[in-house]
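*Asks:* I'd like to go over a predicted model; first the sequence, then the structure.
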Amino acid sequence: MFITGVIGFPLKLTYSPLLHNTAFKKLRIPGVYYPLCVPPENFKEIIFKLKELGFSGVNITNPYKIEILKYLDGVNPTVMDIGAVNTVFIENNKMVGENTDTYGFRESLKAYDIDLKNKIVLIIGAGGVARAILYVLCKERTQRIFITNRTISKAYPLIENYDIEGIELKRVPRILKDVDFVINATSIDIHKRIIPFLKNGSIYYDTNYRFKISERKGIKVINGIEMLVLQGAYSFSLWTKQAPPVSIMRDALKEVL
């Protein structure tokens, strides 16, 4: 029996249980995926109980993608470069951290036929998902990458690690007319403050999937659904060692959306 789930706080809306429980059912694998809303004061205790409770692994979402690193027995080598974990799998009584957000973001770019070569990019946010996205962006031969955050000091480690340009949030409007690709890697809906000021041909990519984003002619708008499906499929393969039914998982989301 594969016992899995997602840990976050607050966990207001998540489609991950639908994705994974659909995959278990389709492949006729005995398994279940739970949403686990865990407040900060209980996080450490719950993580240490995963083995005892028979979990095969969990996804980790806000605000724990960086915090989880303290409690793991090991990580995939790329995780050390990223500095964040969104998936834990348990093997031989060891909890190992992986980041499937990198896979989900990279493959979603291919799915939407996005080429970032020589493009100017702005990423908004400095948390776990921003770290995964930056790891991918810095391999995409972009021309220039800006990063901003409500508290810009939280972005300093990323600015230093990736040699990118930090910009205070209040200065963002000044550069939007030159930006080709904007990524919202925060949990806040900010599209109305960004999309109207982008030039034609630009792309607005929101890692969230619960916001209803107003589109504008000449601007390509992408939400986080495809990234969610692809990173989830990769997590599923880590836990079960089986190829995930990606198209089935994607179709399940389309039905509820």
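*Replies:* On my side now, so go ahead. In this text, all values refer to a predicted model and were calculated from it rather than measured experimentally.

*Asks:* Okay, strands next: where are they in the stretch 151-257 of the chain?
*Replies:* With DSSP state E, counting those that start in this stretch, the ranges of strands along the stretch 151-257 of the chain come out as 165-166, 181-184, 203-206, 220-222.

*Asks:* Who are the contact partners of residue 136?
*Replies:* Applying Cβ atoms under 8 Å, 6 or more residues apart in numbering, one finds that residue 136 lies in contact with 102, 105-106, 109. Just so you know, the C-beta spots here come from the backbone N, C-alpha and C atoms, and that holds for glycine as well.

*Asks:* if we can go back for a sec, same list, the strands of the stretch 151-257 of the chain, but as CSV with distance to residue 23 and mean pLDDT please.
*Replies:* Listed next are these as CSV, based on distance: least, Cβ to Cβ, whole Å; pLDDT from 0 to 100:
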stretch, distance to residue 23, mean pLDDT
strand 165-166, 39, 97
strand 181-184, 27, 98
strand 203-206, 25, 98
strand 220-222, 23, 96
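
*Asks:* of all those, which lies closest to residue 119?
*Replies:* Distances from residue 119 to each of these were compared using Cβ to Cβ; the shortest belongs to strand 181-184, at 5.4 Å.

*Asks:* where exactly do the helices run in this protein?
*Replies:* Using DSSP state H, the helices of the chain run over 16-26, 40-49, 77-82, 101-111, 128-137, 156-162, 172-175, 225-240, 246-256.

*Asks:* Now render those as TSV, adding mean pLDDT.
*Replies:* Shown next, in TSV, are the helices of the chain (pLDDT from 0 to 100):
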stretch	mean pLDDT
helix 16-26	97
helix 40-49	97
helix 77-82	92
helix 101-111	97
helix 128-137	96
helix 156-162	93
helix 172-175	95
helix 225-240	97
helix 246-256	92
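
*Asks:* Now distance to residue 205 too, for these, in CSV please.
*Replies:* Formatted as CSV, the helices of the chain follow (distance: least, Cβ to Cβ, whole Å):
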stretch, distance to residue 205
helix 16-26, 20
helix 40-49, 29
helix 77-82, 18
helix 101-111, 8
helix 128-137, 9
helix 156-162, 18
helix 172-175, 15
helix 225-240, 9
helix 246-256, 18
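
*Asks:* Looking at those, which is nearest to residue 146?
*Replies:* helix 172-175 (6.5 Å).

*Asks:* helices and strands around the closest one, which ones?
*Replies:* In terms of contact count using 3 or more Cβ pairs under 8 Å, 6 or more residues apart in numbering; DSSP states H and E, helix 172-175 is assigned the packing partners strand 120-124.

*Asks:* Show me what the strand it packs on packs onto, helices and strands only.
*Replies:* In terms of contacts (3+ Cβ pairs under 8 Å, 6+ apart), strand 120-124 is packed against helix 128-137, strand 144-148, helix 172-175, strand 181-184.

*Asks:* go with 10 Å
*Replies:* helix 128-137, strand 144-148, helix 172-175, strand 181-184, strand 203-206 (3 or more Cβ pairs under 10 Å, 6 or more residues apart in numbering; DSSP states H and E).

*Asks:* can you tell which of those is closest to residue 243?
*Replies:* Nearest to residue 243 among these is helix 128-137 (22.5 Å), distances taken as Cβ to Cβ.

*Asks:* Of the helices of the chain, flag the one that's most buried.
*Replies:* Ranked by average neighbour count under the criterion mean count of other Cβ atoms under 10 Å, the helices of the chain are headed by helix 128-137 at a mean of 26.
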